[in-house]
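*Asks:* dropping a prediction and its sequence here:
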Amino acid sequence: MLARVTGGIALAVAVLLGLVLMLLVRESWPVLVGGGWTRFFVGDGWFPSSGQFNLLAMLWATLAASLGALLIAVPLGVLSAVFSRFYSPGWLIMPLRRVMVLLAGIPSVVYGLWGLTVLVPLIAGWEPPGASLLSAILILALMILPTIALTSEAALAAVATSNLQGAAALGLSRKGIVLGVALPAARVGILSGALLATMRTLGETMAVLMVAGNVVQTPASLFDPVRVLTANIALEMPYATGDHRAALFASGVLLMLIVTVLAWLAGCVGARSNA
Amino acid sequence: MMHDTKKLLSCAVLPTSYTLSDIEQGAACCVPIPHIQVENLSVSYHGKSVLEGVSLDINKGCITALIGPSGCGKTSFLSTLNRLTDLIPGCHMQGRIHIDGADVTDPRLDVLALRRKVGMIFQKPNPFPLSIRRNIEMPLREHGLSQRSAIDERVERALRDVGLWEEVRDRLDAPALALSGGQQQRLCIARALALEPSILLMDEPCSALDPIASAVVEELIQRLRNRYTVVIVTHNLAQARRVANYAAFFWMTEHVGKLIEFGRCQSLFDSPSHDLTAAYVTGISG
């Protein structure tokens, strides 16, 4: 009975995913066939009204924002996890974890509000206009930090006590145990957490839309306003028609492709850990 | 008399060039030169006493077996010798332990240096989830060895000492967890030996291994005699009899572990002076 119910649900989810993919492809079909897929990567830029659909600038912005956020959030998240596993006094561990869970649950639009009213003016005071790649990076970093901290902590908690004991018995200092044994042993879990967080940074729409400035351009500096792929879809979908609409669907396909590759990578990492 | 003097000399001055292939079989070779001196040691967890009033001298270069039923404090005793008890919340030890003149119970003691000198092997092999080479190299680097050639040399020597070199020389960078249980345990011993300890603590090192692997590790332990002071917890009385020069019998009285009898392995097994010892060694072995 349970096998049937769960099997049915699993099948339904798979079918749903297939339907979403089919919809994306079907809706983007006219522009894919009409001009070929290369038109998304060549041309003067994103000028939908004159049939120019070069997504590269927004793709770079998306990747730059994700990478930047990871560069900040992964070290901080891992350090926070190391602190709570190995250095924190006992009474602090639970409150710290609760705060992280809470942070992970804050809706992205709330992060966006904060970014818009606090972060953007702050950056504007440093280097106008404020709404920029940097603010997108910082907001995304803040959003994925708790996820990375929690997954890293879980990965560190899963390191066998016998390994930690063995390391201590070899006269390793606490730092030595963390760097020599705990982190290497937890690397797969930490990496999967980071990949999960990467997917979130790629897909995040609202918070980035609110702080990034949304100018379609390849960012030349951290202070340039940028538009990411997801924000572009959200901004233009309400009025897009014809090829323009199809191009937005095509950028959805592109996002899904990137996320699929990441999910596949995460699977490889997981498989390696079982080997 | 002549013979005894010669023996005394050969044991008092432990030759540095001693090779593992020299296997010293038979009875205790060493004259009593205490390496570890334990005086009135007690251990408690969260105020509950598990071991009380243990005093004994463990002799240099000898193998001392700790025997007795489960839960009588043997492992707790072992863990005090390298202060691994520090890691157990609520664990408290009292009494004095001297190793090479230093008081192990002193809170100001450099515990990391102590643990480098007093290696420990656990019941379940616990190689790190790293490569075979990194398992030995990482602790060496931690203890300040950074020269590539010196590290490689130590890795090879340690693996040769445990008879693992020929088996793994072609796959030093393969994951240690891919080794068999017996190989893993020998790697753990190699990892400890690479730090050049003078004492090795072994907590039932063979009990998680199959009989053949167990025999290999046991043979290895016998070859460690004279080069290292070995303290081994074992539930296998036949093994204790085969490998040990000295034996200490622990027993639980009124829920507290106590040392009942300590002496030459042979005399403890063949002519125990305490009734409990007699009952235990005959009851289980017979």
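*Replies:* Okay, I see it.

*Asks:* residue boundaries of the helices in the chain?
*Replies:* Using chain A. A:2-35, A:56-82, A:90-105, A:108-114, A:120-126, A:133-157, A:161-169, A:174-177, A:183-203, A:206-211, A:229-236, A:242-274 (DSSP state H).

*Asks:* the intended chain is chain B.
*Replies:* B:2-12, B:74-81, B:111-117, B:132-142, B:148-161, B:165-168, B:181-194, B:211-224, B:237-243, B:265-270, B:275-285.

*Asks:* make a markdown table out of these and add mean pLDDT and mean neighbour count.
*Replies:* (Each C-beta comes from the backbone N, C-alpha and C, glycine too.) Shown next, in a markdown table, are the helices of chain B (pLDDT from 0 to 100; neighbours: other C-beta atoms under 10 Å in any protein chain shown):
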| stretch | mean pLDDT | mean neighbour count |
| --- | --- | --- |
| helix B:2-12 | 44 | 11 |
| helix B:74-81 | 93 | 24 |
| helix B:111-117 | 93 | 19 |
| helix B:132-142 | 94 | 23 |
| helix B:148-161 | 93 | 16 |
| helix B:165-168 | 91 | 15 |
| helix B:181-194 | 93 | 25 |
| helix B:211-224 | 90 | 18 |
| helix B:237-243 | 90 | 19 |
| helix B:265-270 | 86 | 18 |
| helix B:275-285 | 78 | 15 |
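
*Asks:* avg pLDDT for stretch A:88-95?
*Replies:* Averaged across stretch A:88-95, pLDDT comes to 90.

*Asks:* just give me how far that stretch sits from the chain centre.
*Replies:* Remark: stretch A:88-95 is offset 28 Å from the chain centroid, using C-alpha atoms, centre = their mean, to the nearest Å.

*Asks:* same check on stretch A:188-197?
*Replies:* Here stretch A:188-197 is found 11 Å from its chain centre; the criterion is C-alpha atoms, centre = their mean.

*Asks:* to residue A:188, which of the helices of chain B lies closest?
*Replies:* helix B:132-142 (15.8 Å; C-beta to C-beta).

*Asks:* contacting residues around the closest one?
*Replies:* With C-beta atoms under 8 Å, 6 or more residues apart in numbering or on different chains as the test, helix B:132-142 has contacts from A:167, A:170-173, A:176, A:180-181, B:127-128, B:130, B:151, B:154-155, B:158-159, B:168, B:171-176, B:179, B:187, B:190-191, B:194-195.

*Asks:* contacts only, for residue B:158.
*Replies:* Going by C-beta under 8 Å, 6+ apart, the list of residues near residue B:158 reads B:136, B:190-191, B:193-194.

*Asks:* sorry, back to before: Throw the helices of chain A into a markdown table and include mean neighbour count and distance to residue B:77, thanks.
*Replies:* A markdown table is the format used below for the helices of chain A (neighbours: other C-beta atoms under 10 Å in any protein chain shown; distance: least, C-beta to C-beta, whole Å):
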| stretch | mean neighbour count | distance to residue B:77 |
| --- | --- | --- |
| helix A:2-35 | 12 | 50 |
| helix A:56-82 | 20 | 33 |
| helix A:90-105 | 13 | 27 |
| helix A:108-114 | 17 | 55 |
| helix A:120-126 | 15 | 61 |
| helix A:133-157 | 24 | 30 |
| helix A:161-169 | 20 | 15 |
| helix A:174-177 | 16 | 24 |
| helix A:183-203 | 20 | 29 |
| helix A:206-211 | 26 | 58 |
| helix A:229-236 | 20 | 62 |
| helix A:242-274 | 16 | 37 |
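
*Asks:* format those helices as JSON lines; extra columns: distance to residue A:223.
*Replies:* Below are the helices of chain A laid out as JSON lines (distance: least, C-beta to C-beta, whole Å):
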{"stretch": "helix A:2-35", "distance to residue A:223": "33"}
{"stretch": "helix A:56-82", "distance to residue A:223": "13"}
{"stretch": "helix A:90-105", "distance to residue A:223": "26"}
{"stretch": "helix A:108-114", "distance to residue A:223": "19"}
{"stretch": "helix A:120-126", "distance to residue A:223": "7"}
{"stretch": "helix A:133-157", "distance to residue A:223": "6"}
{"stretch": "helix A:161-169", "distance to residue A:223": "45"}
{"stretch": "helix A:174-177", "distance to residue A:223": "37"}
{"stretch": "helix A:183-203", "distance to residue A:223": "19"}
{"stretch": "helix A:206-211", "distance to residue A:223": "13"}
{"stretch": "helix A:229-236", "distance to residue A:223": "18"}
{"stretch": "helix A:242-274", "distance to residue A:223": "25"}
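
*Asks:* around chain A, pick out the residues from chain B.
*Replies:* B:82, B:84, B:87, B:111-116, B:119-120, B:122, B:124, B:126, B:128-130, B:138-139, B:141-143, B:175, B:188, B:191-192, B:195 (C-beta under 8 Å from any C-beta of the partner chain).

*Asks:* please repeat the previous calculation with a cut-off of 6 Å.
*Replies:* B:84, B:87, B:112, B:115-116, B:120, B:124, B:126, B:128-130, B:138-139, B:142 (C-beta under 6 Å from any C-beta of the partner chain).

*Asks:* count of neighbours near the nearest residue to residue A:82 once chain neighbours are set aside?
*Replies:* Leaving aside its chain neighbours, residue A:82 sits nearest to residue A:178 (5.7 Å; criterion: C-beta to C-beta, 6 or more residues apart in numbering or on different chains). When counting by other C-beta atoms under 10 Å in any protein chain shown, one arrives at 21 neighbours for residue A:178.

*Asks:* from residue A:135, how far out is residue A:178?
*Replies:* 33 Å (C-beta to C-beta, to the nearest Å).

*Asks:* what residue lies at the spatial centre of chain B?
*Replies:* residue B:201 (2.5 Å; C-alpha atoms, centre = their mean).

*Asks:* give me the pLDDT for the residue lying closest to residue B:64 once chain neighbours are set aside.
*Replies:* Nearest non-adjacent residue to residue B:64, counting by C-beta to C-beta, 6+ apart: residue B:246, 4.3 Å away. Turning to residue B:246, the model gives it a pLDDT of 92.

*Asks:* roughly how far does residue B:246 sit from residue B:266?
*Replies:* On the measure of C-beta to C-beta, residue B:246 and residue B:266 end up 10 Å apart.

*Asks:* over to residue A:231?
*Replies:* Taken as C-beta to C-beta, the span from residue A:231 to residue B:266 is 83 Å.

*Asks:* cool, and residue A:170?
*Replies:* 34 Å.

*Asks:* how about residue A:237?
*Replies:* Taking C-beta to C-beta, one finds residue A:237 at 88 Å from residue B:266.

*Asks:* if I pick the closest residue to residue A:85 other than its chain neighbours, what's in contact with it?
*Replies:* Leaving out its chain neighbours, the residue that sits closest to residue A:85 by C-beta to C-beta, 6+ apart is residue A:156, at 4.6 Å. Neighbouring residues of residue A:156 by C-beta atoms under 6 Å, 6 or more residues apart in numbering or on different chains: A:81, A:85, A:182, A:186.

*Asks:* between the residues you listed, which is nearest residue A:209?
*Replies:* Nearest to residue A:209 among these, with distances taken as C-beta to C-beta, is residue A:81, at 29.9 Å.

*Asks:* what's the spacing between that closest one and residue B:87?
*Replies:* Applying C-beta to C-beta to residue A:81 and residue B:87 gives a distance of 20 Å.

*Asks:* one more: residue A:95?
*Replies:* With C-beta to C-beta as the criterion, residue A:95 and residue B:87 are 24 Å apart.

*Asks:* what residues does chain A put near chain B?
*Replies:* So far as C-beta under 6 Å from any C-beta goes, chain A lies against chain B at A:162-163, A:166, A:168-173, A:176, A:180-181, A:184-185.
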